[in-house]
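Visitor: Please work out how this folds:
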Amino acid sequence: MSVRYKQRTMTTCNERLAVSIREAAEMLGVSPRTIQNYISAKRILVRKIGRRSVIPVRALESFLRVDQPSPGTSKGDAGAEGK
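Guide: A predicted model of the protein is given here:
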């Protein structure tokens, strides 16, 4: 077995497909509640495995490709102060 094959196999085995909400929060530097708010707003994809919620790493990557407003604000809130 070549060294190149061993390295590729180890890298593939160590890469995770999904992370927990807490791990996603740590990765992004936000609170788990913020992640849950983005999930509720359907801005981050979540999958259930039994009772456990996991977030595919690719979903986090695509989430980060776009600027995100705070999870509690909507697009129509900007003009609300002039009522």
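
Visitor: For residue 32, list the residues it contacts.
Guide: Each residue near residue 32 by Cβ atoms under 8 Å, 6 or more residues apart in numbering is listed here: 21, 22, 25. The way it works is simple: take the backbone N, C-alpha and C, and place the C-beta from them, glycine included.

Visitor: gap between the first one and residue 49?
Guide: Taking Cβ to Cβ, to the nearest Å as the measure, residue 21 falls 13 Å from residue 49.

Visitor: ok, those two, which is more surrounded?
Guide: residue 21 (20 against 8; other Cβ atoms under 10 Å).

Visitor: Skip ahead from the helix or strand of the chain with the lowest mean pLDDT and say which helix or strand is next.
Guide: Using mean pLDDT, DSSP states H and E, helix 3-14 stands out as the lowest-scoring helix or strand of the chain, at a mean of 55. Of the helices and strands lying after helix 3-14 in sequence (DSSP states H and E), the nearest is strand 18-20.

Visitor: Show me what secondary structure element comes after that following strand.
Guide: Heading C-terminal from strand 18-20 (DSSP H and E), you reach helix 21-28.

Visitor: what bits of the chain have low per-residue confidence?
Guide: For the chain, the stretches flagged by pLDDT under 70 are 1-14, 73-83.

Visitor: Name the strands paired with the top strand by length along the chain and say parallel or antiparallel.
Guide: Longest strand of the chain, by residue count under DSSP state E: strand 52-56. The strands that strand 52-56 pairs with in its sheet are strand 18-20 (antiparallel), strand 47-49 (antiparallel) (by DSSP bridges).
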